[in-house]
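**Student:** sharing a sequence plus its predicted fold:
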Amino acid sequence: MAKKEIRLHAVVAPTETVIVSAYDPSGKADACTLAFYMVSSHVPPCVTIAINATQRRKTLQDILETGAFVLGFPSTDQVRQADYLGVESGYKTDKLKNVGFTTSRARTVCAPVINELLLSLECQVVHTVTVGSHMQITGEVKNILADEDIVDEKGRILLDRLRPVLYNEEQVEYLSLGRKVSDAFKPGAAWKKELDGGKEHG
Ligand SMILES: Cc1cc2nc3c(=O)[nH]c(=O)nc-3n(C[C@H](O)[C@H](O)[C@H](O)COP(=O)(O)O)c2cc1C
């Protein structure tokens, strides 16, 4: 198949849209929307976010001062709030109040949980590094607060209930989850077994 070289950019298509919240030194809560988010460790559980350090971002300043943040997951019916939190700055106005979100102090870290979000990860900053325009901040997850309705009896999060918002930077739009295409780790493992078996007997 013919290939072509395209515009140089960090391709993010799609990522989960998250809302990161933190307190400023006066104890006021602010939050901003991020698409640059990844799971960076299983043990201990860590997540890494990347915030543009070349521009004035109140949330970044707040996280660096308190050493903590909460990572919240908006649902598809909260996309308007999430988008607003990503286009306005907490330096100018009380964004959380404007969108009607309320906060409670996280139990394990000095950061605000947004009560209206169905899933929140309370994170303690353990590492920062600047790469290019963005500062990568790794937070160890100290507590996970999930709405009862989105968790099954084994404590697993039900994505169809959470209804996460995906961000497609290529077409600059939000998407919802698609349908299941396969189990994970199974078709590859079965294929591996088949090939290994073939080798052993071949
Ligand atoms: C969908 C979406 C994704 C975004 N992702 C990021 C991101 O990953 N990193 C970043 O630095 N800014 C990102 N932004 C921009 C910030 O949310 C925005 O600059 C915000 O106004 C910062 O607010 P603050 O000054 O209150 O911290 C995103 C915005 C939107 C709408």
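**Tutor:** Looks like it arrived, so ask away. Keep in mind that what you see is a predicted model, and the values were worked out from it rather than measured. Numbers count the residues shown, from 1 in each chain.

**Student:** so who does the residue lying closest to Thr130 once chain neighbours are set aside touch?
**Tutor:** Nearest non-adjacent residue to Thr130, counting by CB to CB, 6 or more residues apart in numbering: Ala53, 5.8 Å away. (Each C-beta comes from the backbone N, C-alpha and C, glycine too.) Counting by CB atoms under 8 Å, 6 or more residues apart in numbering, Ala53 touches 60, 130, 133-135.

**Student:** gap between Ala53 and Ala13?
**Tutor:** 23 Å (CB to CB, to the nearest Å).

**Student:** got the residues of this structure near the ligand?
**Tutor:** Neighbours of the ligand within the chain, by CB under 6 Å from any ligand atom: 17, 30, 32-36, 50-52, 57-59, 83, 86-91, 167.

**Student:** now, those that are in strands?
**Tutor:** Within the residues of the chain next to the ligand, residues falling in strands by DSSP state E are 30, 32-34, 50-52, 167.

**Student:** mind giving me the PyMOL command for buried ones among the residues you listed?
**Tutor:** In PyMOL, this line selects whichever of these come out buried by 16 or more other CB atoms under 10 Å:
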select buried, resi 30+32+33+34+50+51+167
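
**Student:** out of the ones in strands among the residues of the chain next to the ligand, flag the one nearest to Val141.
**Tutor:** Nearest to Val141 among these, counting by CB to CB, is Leu34 at 15.7 Å.

**Student:** follow-up on the earlier one: out of the ones in strands among the residues of the chain next to the ligand, who's nearest Ala22?
**Tutor:** For those, the closest approach to Ala22 (CB to CB) belongs to Asp30, at 6.4 Å.

**Student:** dump the residue contacts of whichever residue of the chain sits closest to the ligand.
**Tutor:** As assessed by CB to the nearest ligand atom, the ligand sits closest to Gly86 within the chain, at 2.5 Å. Applying CB under 8 Å, 6+ apart to Gly86 gives the contacts 32-34.

**Student:** where does the chain have low pLDDT?
**Tutor:** Counting by pLDDT under 70, the chain contains low-confidence residues at 12, 198-202.
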